[in-house]
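K.L.:
Need a 3D model of the sequence below.
(one chain, ligands or ions: 1)
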Amino acid sequence: MDSKRIVYMDHAATTYVKPEVLEAMLPYFTEQFGNPSSVYTLGRKSRSAIEEAREKVAKAIGALPEEIYFTGGGSEADNWAIKGAAFANRAKGNHIITSKIEHHAILNTCEFLEKQGFEVTYVSVDENGVIDLEELKNSITDKTILISIMFANNEIGTIQPIEEIGRIAKERGIIFHTDAVQAIGNVEINVKDMNIDMLSLAAHKFYGPKGVGALYVRKGIRIENLIHGGGQERKRRGGTENLPGIVGLGKAIELATADIEGHNARIRALRDRLLNGILEKIPYTKLNGHPEKRLPGNINVSFKFIEGEGLLLLLDQSGIYGSTGSACSSGSLDPSHVLLAIGLPHEIAHGSLRLSLGDKNTEEDVDYVLDVLPKIVQRLRDMSPLYENFIKGGR
Ligand SMILES: *Cc1c(COP(=O)(O)O)cnc(C)c1O
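P.N.:
Model prediction:
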């Protein structure tokens with residue numbers, strides 16, 4: 001290894017906690033530890049801290065504070081939204097529409113519901129990962145109670161036409177949920193303007209702590225309660241609140257949404273430099289996801305003739321952290337369901353790499369990756385029988 005440099009480019013998997021966020025959280029582990037349900041001063045201070053965080057989350061997405069429920073992360077918010085809406089609206093119908101490229105927190109929840117007698121339509125996407133709106137409209141029946149389409153994809157970064165989907169759902173009186181875990185801090189979101197009825201978010205994707213998130217539920221939308229217990233979260237999710245986590249979420253979302261444009265411009269410039277360099281320096285490489293409508297920090301590329309796992313290992317040895325497929329499906333040898341849904345053949349999907357840039361990445365990081373990555377890809381190709389055949393065949 002020619003360097004001790006560490007380049008973290010896996011912000012779509014998780015982020016570090018910003019110092020300001022950690023600082024805001026710390027008192028709530030120590031002096032300010034009171035139970036928010038206690039009526040004495042110490043408890044009431046905790047209660048105000050939670051309500052302040054709720055206001056911050058609401059403000060960030062254009063919702064009302066009483067429409068925000070804190071959860072134990074993004075997966076929990078997704079589970080609650082889907083199961084909660086399905087079970088509460090069963091009398092109206094049993095049909096749910098989602099997409100083929102959702103996070104497993106949505107897909108596996110839908111599969112569970114299929115076993116409970118619900119019917120689920122998984123709408124296709126085009127080669128850029130954009131939802132087929134015609135197919136979405138055509139799959140609506142008078143039994144459809146819920147549409148859940150993610151705001152931005154965690155693997156390929158494609159941003160969906162959320163406003164249009166919101167309009168379609170609203171016109172037909174169908175509840176619309178979006179998993180916005182990747183979008184917060186990267187896209188301006190206003191749930192009222194976009195006709196979003198429910199929205200999931202998770203703090204650790206925007207420089208907040210892990211294990212805390214939120215579900216926005218528009219006033220008047222009926223969903224089943226999540227945890228039966230105490231009166232917390234307006235009796236819908238019982239259990240003593242994750243006080244420091246919630247305070248951290250509030251601070252993190254405030255910081256992440258303060259200057260989305262400025263943040264995006266900086267990250268996008270770095271991303272484009274890295275992406276253009278990769279495409280220039282490494283032949284037989286394809287960008288996955290939409291060329292423009294994508295998250296500012298996201299790169300997802302497929303290198304022909306190699307395996308993503310080998311690539312990650314060699315990158316790791318050089319101090320570069322990225323991912324292949326999605327972190328959640330590591331351990332499985334199936335290629336990513338997202339890459340298959342955009343039409344990549346198995347062997348190409350296997351040779352894919354996601355690099356997701358964040359706040360602390362620098363031009364030096366980009367230069368370092370552009371120095372190391374082409375050599376590693378070439379080294380792997382030199383060992384690949386597929387590449388050998390291809391080169392021989394070409395001659
Ligand atoms: C990370 C992620 C989740 C899961 O969030 P957790 O907080 O890890 O449970 C859900 N959806 C998307 C799109 C994600 O990127």
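K.L.:
and Ile306, what does it touch?
P.N.:
By CB atoms under 8 Å, 6 or more residues apart in numbering, the contact list for Ile306 reads Gly351, Val377, Leu380, Arg381, Ser384, Tyr387. All C-beta spots, glycine's among them, are computed from the backbone N, C-alpha and C.
K.L.:
From these, keep the buried residues only.
P.N.:
Gly351, Val377, Leu380, Arg381, Ser384, Tyr387 (16 or more other CB atoms under 10 Å).
K.L.:
Out of these, list just those in helices.
P.N.:
Among the buried ones among the contacts of Ile306, DSSP state H puts Val377, Leu380, Arg381, Tyr387 in helices.
K.L.:
what's the neighbour count on the nearest residue to Arg172 once chain neighbours are set aside?
P.N.:
In this structure, Arg172 finds its nearest non-sequential neighbour in Ile140, 6.0 Å apart by CB to CB, 6 or more residues apart in numbering. The burial count assigned to Ile140 is 17, neighbours taken as other CB atoms under 10 Å.
K.L.:
Determine the number of other residues adjacent to Asp259.
P.N.:
12.
K.L.:
same check, this time on His350
P.N.:
Counted by other CB under 10 Å, the residues lying close to His350 total 21.
K.L.:
Pull the contacting residues for the residue of the chain at minimum distance from the ligand.
P.N.:
Closest residue of the chain to the ligand, CB to the nearest ligand atom: Gly74 (2.4 Å). By CB under 8 Å, 6+ apart, the contact list for Gly74 reads His103, Ala105, Asp179, Val181, Ser200, Leu201, Ala202, Lys205, Gly213.
K.L.:
neighbour-wise, which of those residues leads?
P.N.:
Leu201 (33 neighbours).
K.L.:
which neighbours does the strand or helix carrying that residue have in its sheet, and in what orientation?
P.N.:
Following DSSP states H and E, one finds Leu201 within strand 198-202. The pairing partners recorded for strand 198-202 under DSSP bridges are strand 175-179 (parallel), strand 213-217 (antiparallel).
K.L.:
May I see those arranged in JSON lines, with mean pLDDT as well?
P.N.:
Compiled in JSON lines, the strands paired with strand 198-202 are given as follows (pLDDT from 0 to 100):
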{"stretch": "strand 175-179", "mean pLDDT": "98"}
{"stretch": "strand 213-217", "mean pLDDT": "98"}
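K.L.:
on that earlier part again, would you mind trimming the contacts of Gly74 to those in range of the ligand?
P.N.:
Filtering these for neighbours of the ligand using CB under 6 Å from any ligand atom leaves His103, Ala105, Asp179, Val181, Ala202, Lys205, Gly213.
K.L.:
Leaving out sequence neighbours, find the closest residue to the fourth one.
P.N.:
Distances taken as CB to CB, 6+ apart put Gly74 closest to Val181, at 4.2 Å, once the chain neighbours are dropped.
K.L.:
how near is that neighbour to Glu261?
P.N.:
24 Å (CB to CB, to the nearest Å).
K.L.:
try Phe29
P.N.:
Taking CB to CB, one finds Phe29 at 34 Å from Glu261.
K.L.:
higher neighbour count, these two?
P.N.:
Phe29 (11 against 8).
K.L.:
mind checking which helix or strand the nearest residue to that one once chain neighbours are set aside is in?
P.N.:
Spatial nearest neighbour of Phe29, excluding adjacent residues (CB to CB, 6+ apart): Pro244 at 5.3 Å. Using DSSP H and E, Pro244 sits within helix 243-256.
K.L.:
Break down this protein into its strands, ranges please.
P.N.:
7-8, 68-71, 95-99, 119-123, 144-148, 175-179, 198-202, 213-217, 285-287, 298-303, 320-321, 352-356 (DSSP state E).
K.L.:
so for the last one, what's the average pLDDT?
P.N.:
Over the span of strand 352-356, the pLDDT mean works out to 97.
K.L.:
Off-centre distance for that strand?
P.N.:
Here strand 352-356 is found 14 Å from its chain centre; the criterion is CA atoms, centre = their mean, to the nearest Å.
K.L.:
Enumerate every residue touching Ser323.
P.N.:
Ser323 neighbours (CB under 8 Å, 6+ apart): Asp10, Ala12, Ala13, Leu312, Leu353, Arg354, Ser356.
K.L.:
do that again at 10 Å, thanks
P.N.:
Ser323 makes contact with 9-10, 12-13, 154-155, 300, 308, 312, 315, 330, 352-356 under the criterion CB atoms under 10 Å, 6 or more residues apart in numbering.
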